[in-house]
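S.K.: dropping the sequence and predicted coords here.
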Amino acid sequence: MSAILSLHGLSKRYGKVQALHNLSLEVQPGHIYGLLGPNGSGKTTTLGILLGITRPNQGHFTWFGAPPSAASRQRIGTLLETPNFYPYLSAVRNLEIVATLKQRGYDRIDEVLRQTGLYDRRTSAISTYSLGMRQRLALAAALVADPDVLVLDEPTNGLDPQGIADVRQLIRETGQRGKTIILASHILDEVEKICTHVAVLKQGVLLAEGSIHEVLNPEPRLILQAENPEALAALVPHLPGYLRSERNGERFAVWIEGQTAADINRYCFAQGVTLSHLNIVQRSLEETFLALTQGETHA
Amino acid sequence: MLRLLRAEWLKLKSYRAFWLCALLYLISLPGLIMSLHTFNIKLGGGTSIGFSFYHFPVVWHNITFIAGWFNLLLYFFFILLITNEFQFRTLRQHIIDGLSREQVLLSKGLLVLIFSTLSTLLVGVLGLICGFTLSDSPPTDMALVTQKIAFLGAFWLQNTAYLSFATFLSLIIQKQGFTILFFLIYGIVLENLLRFRVLPEFSAQYLPLRNFGELLPSIFNNLLDQPSPDGPATQVVVVSLIYIILLWGGSWAWLKTRDL
């Protein structure tokens, strides 16, 4: 199957700032693809280029295997940064305008308003909406034409906890219906919970790309302590599946491969070392992410 | 194209400011034009001039000239409509949603044509009403009725030209207040500076707003019962048409290359 979206060497410069540097990646059908990076890493610039409002200085991209066009954008549901609506019009009128521009009927308007919890306020002018409601309406607008692809930029911005949960649920459900979703976020937890694939950006540079497990591999490590620390120190490099270790006082952090904690405990006991402490620690995604982005800064 | 018009209509249909302005326009433009019936200048000895305001054929020139000034309000409303799209960031949203930049411009161009045409139709009807019912000497010869009707076409062209200018400024300046301010400052001060102080007379005659204005030349002669032309000068029409093309070309070039 051909890629939904391919980027080839996209670059964008704002004056002295290189917002995006030679970005290439592909999004396959059915992926929930996260663009992850801190603020100012080029996520929004990338989406702006992909949606025709920002001109790249270099590079090109294709949607649905063809050069980008207004027609291809009609097949994409989008929520970019801030919700943009006519404040004097009702939710229904605003969605009618979006559906008209996307050459779709109005038949899904009630449905998406229900999905986003705005149905009861559908005839109120947007100027009376709270920020959270506008954000929900923006999501409704992204869904109204039943698009093949959803592009969402920080979709949970400005939402309360219930709203965040609702929106994430809606995104997951949409993904389960086989839609391709591209989600930009600086919230690692959000990307981890929703996405199947991820690209990590920092200062416009692609740091890592692939399936979420490949990229944000949360390596487990064992924390070991023994009654006789020196005996343990001598044993650690010989543990089965040993990768590396760090000593911190009497405690050892050990990275191993293909062994369970019970295997290690049994092995140490057999070698005459009694463990007084044994604990598995998953490195959090946060740590992985920070290691990834900070590693690049010093490089 | 129908889709673009439908979207524009959806924006206006529930826009209270639009209906309010339309209502005010429909009341005050006819009101203004019909109230001029009493316009005259009393000269001593019981004589006065200006009584022929509604006579065919000068009625076409007179009322289009007056309506042309009145339409400044239409131009300001149009600036409001276009700058709204920037203020609400909906122009950007339209492109994201699936319009090309050309289609964005086309929908505004269609709106210009519709506004100019509706305004011209209204003034056309008013001309007939005034000429047949308000004139103190109704026409005896039908040829007189149509003699200066070219001014109605000039009025349409003037509307289109000014609205094109308003669109161009709105796209570039984007802020409503500044756009209206610049429209006025350019029209009242800058172009006159260029015309009378900077440019030689030969090139000054080609300035845009001067040409748009000359489409409906002063009605002073009519008020004094002096002979006046049957329509706008050909050169003025041609130069105005060229400016309309340039303004849309400029708007297109600007919109095409911008990050929105």
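M.R.: Arrived safely.
S.K.: can you tell me how far the closest residue to A:Gln271 other than its chain neighbours sits from chain B?
M.R.: The shortest distance from A:Gln271 to any residue that is not its chain neighbour, by Cβ to Cβ, 6 or more residues apart in numbering or on different chains, is 5.7 Å, and that residue is A:Leu235. Where C-beta positions appear, they are placed from N, C-alpha and C, glycine not excepted. In this structure, A:Leu235 and chain B are separated by 61 Å, where distance is defined by Cβ to the nearest Cβ, to the nearest Å.
S.K.: mind listing what A:Leu235 touches?
M.R.: If a contact means Cβ atoms under 8 Å, 6 or more residues apart in numbering or on different chains, then A:Leu235 has A:Cys268, A:Gln271, A:Val273 as its contacts.
S.K.: for the stretch 51-200 of chain B, which residues are neighbours of chain A?
M.R.: Counting by Cβ under 8 Å from any Cβ of the partner chain, the positions of the stretch 51-200 of chain B adjacent to chain A are B:84, B:88-90, B:92-101, B:103.
S.K.: just the closest of those to A:Thr260, please.
M.R.: A:Thr260 lies nearest to B:Ile96 out of these, by Cβ to Cβ, at 50.4 Å.
S.K.: burial count for the residue in the stretch 101-250 of chain A that chain B sits nearest to?
M.R.: Closest contact between the stretch 101-250 of chain A and chain B, by Cβ to the nearest Cβ, is at A:Leu101 (4.6 Å). A:Leu101 sits with 26 neighbouring residues when counted by other Cβ atoms under 10 Å in any protein chain shown.
S.K.: ok, it - contacts?
M.R.: Applying Cβ under 8 Å, 6+ apart, one finds that A:Leu101 lies in contact with A:Gln74, B:Arg3, B:Ala7, B:His94, B:Asp97, B:Gly98, B:Leu99.
S.K.: out of those residues, which is most surrounded?
M.R.: Counting by other Cβ under 10 Å, top hit in those: B:Asp97 with 28 neighbours.
S.K.: from the residues of the stretch 51-200 of chain B next to chain A, which is closest to A:Glu111?
M.R.: For A:Glu111, the closest of these turns out to be B:Asp97, at 18.5 Å, with distances computed as Cβ to Cβ.
S.K.: against chain B, how distant is A:Gln18?
M.R.: As defined by Cβ to the nearest Cβ, A:Gln18 lies at a distance of 15 Å from chain B.
S.K.: count the neighbours of that residue for me.
M.R.: The tally of other residues near A:Gln18 (other Cβ under 10 Å) stands at 16.
S.K.: also the one 10 residues further on?
M.R.: Applying the criterion other Cβ under 10 Å, we find 15 residues in the vicinity of A:Gln28.
S.K.: please apply the same query to the one 10 residues further on.
M.R.: Look at A:Pro38: counted by other Cβ under 10 Å, it has 14 neighbours.
S.K.: would you agree it is in contact with A:Ser185?
M.R.: No: under the criterion of Cβ atoms under 8 Å, A:Pro38 lies out of contact with A:Ser185, with a separation of 10.7 Å.
S.K.: looking at the stretch 1-150 of chain A, which residue is nearest chain B?
M.R.: With distances taken as Cβ to the nearest Cβ, the stretch 1-150 of chain A approaches chain B most closely at A:Gln74, which sits 3.3 Å away.
S.K.: if we ignore the residues flanking it in sequence, what's nearest that residue?
M.R.: When the adjacent residues along the chain are set aside, A:Gln74 lies closest to B:Gly98, with 3.3 Å between them (Cβ to Cβ, 6+ apart).
S.K.: the one you found contacts A:Pro68, correct?
M.R.: No: applying Cβ under 8 Å as the test, B:Gly98 and A:Pro68 come out as separate, 11.1 Å apart.
S.K.: my read: the residue of the stretch 1-150 of chain A closest to chain B touches A:Asp146, true?
M.R.: No: with contact defined as Cβ under 8 Å, A:Gln74 does not count as touching A:Asp146 (11.4 Å).
S.K.: okay, and for chain B, where does confidence drop off?
M.R.: Counting by pLDDT under 70, chain B shows low-confidence ranges at B:37-52.
S.K.: show me what contacts whatever residue of the stretch 51-200 of chain B ends up closest to chain A?
M.R.: The nearest approach of the stretch 51-200 of chain B to chain A comes at B:Gly98, 3.3 Å away (Cβ to the nearest Cβ). B:Gly98 makes contact with A:Ala70, A:Ala71, A:Arg73, A:Gln74, A:Arg75, A:Ile76, A:Leu101, A:Lys102, A:Gln103, according to Cβ under 8 Å, 6+ apart.
S.K.: of the residues you listed, which is the nearest to B:Ile27?
M.R.: Lowest distance from B:Ile27 to those (Cβ to Cβ) belongs to A:Leu101, with 33.9 Å.
S.K.: residue numbers of chain A in contact with chain B?
M.R.: With the criterion set to Cβ under 8 Å from any Cβ, chain A comes near chain B through A:48, A:51-55, A:69-71, A:73-76, A:78, A:80, A:82, A:84-90, A:93, A:96-98, A:100-103, A:141.
S.K.: among those, which ones are buried?
M.R.: For the residues of chain A next to chain B, a neighbour count by 16 or more other Cβ atoms under 10 Å in any protein chain shown gives the buried set as A:48, A:51-54, A:70, A:73-76, A:78, A:80, A:82, A:84-86, A:88-90, A:93, A:96-98, A:100-102, A:141.
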